[in-house]
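**Q** curious how this folds, go ahead:
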Amino acid sequence: MENRGKIQSCGTQPQGSEHDTLKRDVTPFQSFAVAFGFVSIATGIFTAYGAMLSTSGPVGIWTWPIVVVGQLMVAFILGSLAARIPVTGYVYQWASRITNPVFGWIMGWISFTFLAVVLCAVDYTIASTVLPVLFGYEGTANNAWLITSLVIIVQAGMIAFSTKFTQKFNAVAVTIQLVGMIGLIILLFTVGYINNELDFANLFSTGKVSAEGYYSFGGLTSVGPWIMGTLLGAFTIVGFESAANLAEETREPARVVPKAMWQAVLSLGIIGMLFLIAVTALLGDPTTLETSGTPTADVIARVLGPVLGNFLLVLVVISIFSCGLVILLSGTRLVWAMSRDERFPGWQQLHKISPTLKTPVNATIFVGLIGEVVLAIFSQDTDALFVLFSAATLLPAIIYAVSVLMYALKRKELPPSHGFTLGAWEGPVLIFAIAWLAFELALFRDASFAKPWFYVAVMFALGAVYLTYLLATRGAKGMKMPELIAIDSILDADRGADFSATPAE
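**A** I've put the predicted structure just below:
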């Protein structure tokens, strides 16, 4: 076989043990469902819409298309990486193979840090922005903490019990989200039109936000009001790369995973924009809801009435729960992949696959517990939701920027993909992706992001301690990735495999 590239990767059967491997049974739709479910416009909009109203006013929704285009360019680049290095652990594996294992470990730890905080941000949304309206009670920090912790426990139990069941549940939930969100948009426009409640002037209103300097880029430690609105889309349109974290469980990953990623971003971008227009046009007086903790749910309940409105809010809860489920699943797979390579704290237990359930039970319990710890740390913060979603926006921006730059520098050394290629568009896509990520990272100079930066700093410090321990006990050479085989060997094996031979667990 000809030499197809210099980059090497871990095989799909590392260490030769059936108890350390996963079933390859994820279908194309399930791969799309993972990417779609992680992004979840229902989650992102219900979480961050209120913050956007207070910082940017209703007209801030027009930052959404900018984010969608920028993240679509990123999805194309990450799809190209996923097609060439189709191994569980995504950015951890990519950085380890493209640069060196030490830097790969750092990126793996950053990804773990992101997944831990975004799990809390998403599940906290159920308790803080939907359930109070659905059941008519006053949301407090304590009851939001309790409900969110219970949600994490249920999600961890599902993932530990059965990957197959989890994937099927998520596929159903994504179908519900697709049908439910499209139906919700149609109903909002229809009922709003019949009742003469649609006010499209809201789409261009700054609300309580001053018009002076509204479109400015801001200063050294501040960001202009309109630009702050991009946080809504930047928090929502993330996690599409989670499909790559199940590469070793996906049939034909080089073809399926990249397609799932960009299709999720594009479809969610279009549906999300329509939903934002509907909700914003139905705000009524935009200044009255800017202080509400549940503005999106308030609009739905008011316009559609208690029965239909609550039914649709139940569908929203299912969508958000599914989003958290996918995040926890992705975190579990990352921890398992790093533990399989003997480089995550407690790897001796976390790399094991349950011989009965065929799932990484220990890794699942661990990620769930970390989520509970992060949740407890932020639970009494009066601005907990903003802190959580801000940190969950900052970290993926860092991950995406590093991944795109790695690809730009090393793409000519990568083996060719047998499933996805950008061809002549690769150069322009790279330029747009880098420009967008530089712009996004510049947002976090604003003083309001001090707490998210503190969380990042603390987690980085903890990672630095363990990395120092690894280097002291093993040395840089001891960090070499185990069981290296050529990427094209994985792809060749996939093309010739009979995926129907072994039933999935």
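
**Q** going forward, measure contacts between C-alpha atoms and count neighbours the same way
**A** Fine.

**Q** low-confidence ranges in the stretch 351-500 of the chain?
**A** 382, 481-500 (pLDDT under 70).

**Q** which other helices and strands contact the helix or strand containing residue 157?
**A** Residue 157 belongs to helix 141-161 when elements are defined using DSSP states H and E. Contacts defined by 3 or more Cα pairs under 8 Å, 6 or more residues apart in numbering; DSSP states H and E place helix 141-161 against helix 101-125, helix 163-194, helix 306-340, helix 361-378.

**Q** how many other residues sit next to residue 138?
**A** By the criterion of other Cα atoms under 10 Å, residue 138 has 10 neighbours.

**Q** returning to that earlier point: average pLDDT across the helix holding residue 157?
**A** For helix 141-161, mean pLDDT is 90.

**Q** now do it against helix 306-340, angle only.
**A** Helix 141-161 runs at 60 degrees relative to helix 306-340, counting by axes from the mean of the first three to the mean of the last three Cα atoms, to 10 degrees.

**Q** confidence score at the most centrally placed residue in the chain?
**A** Computing the C-alpha centroid of the chain and ranking residues by Cα atoms, centre = their mean puts residue 239 first, at 2.3 Å. Per-residue confidence (pLDDT) for residue 239: 82.

**Q** wait, it touches residue 32, no?
**A** No: counting by Cα atoms under 8 Å, residue 239 does not reach residue 32; the two are 11.7 Å apart.

**Q** would you map the strands across the stretch 401-505 of the chain?
**A** Listed in chain order, the strands of the stretch 401-505 of the chain (DSSP state E, counting those that start in this stretch) span 484-486.

**Q** buried ones in stretch 411-419?
**A** Within stretch 411-419, the residues that count as buried by 16 or more other Cα atoms under 10 Å are 411, 414, 415, 416, 417, 418, 419.

**Q** measure the closest residue to residue 221 other than its chain neighbours to residue 321 for me?
**A** Among residues not flanking residue 221 along the chain, residue 446 sits closest, at 4.7 Å (Cα to Cα, 6 or more residues apart in numbering). Distance, residue 446 to residue 321, by Cα to Cα, to the nearest Å: 31 Å.

**Q** with neighbour numbers in mind, choose between these two.
**A** Set residue 446 next to residue 321 and count neighbours by other Cα under 10 Å: residue 321 wins out with 25 against 16.

**Q** for burial, what's the neighbour tally of the residue lying closest to the more buried one once chain neighbours are set aside?
**A** Distance criterion Cα to Cα, 6+ apart; nearest residue to residue 321, sequence neighbours excluded, is residue 123 at 6.7 Å. Residues near residue 123, counting by other Cα under 10 Å, number 29.

**Q** pretty sure residue 123 contacts residue 151?
**A** Yes: the pair residue 123 and residue 151 passes the contact test of Cα under 8 Å, sitting 6.8 Å apart.

**Q** common neighbours of these two, please.
**A** Residues touching both residue 123 and residue 151 by Cα atoms under 8 Å, 6 or more residues apart in numbering: residue 321.

**Q** I figured residue 437 was touching residue 401, is that so?
**A** Yes: contact criterion Cα under 8 Å: residue 437 and residue 401 qualify, at 5.9 Å.

**Q** so, low pLDDT: which residues of the stretch 201-350 of the chain?
**A** Low-confidence segments of the stretch 201-350 of the chain (pLDDT under 70): 290-291.
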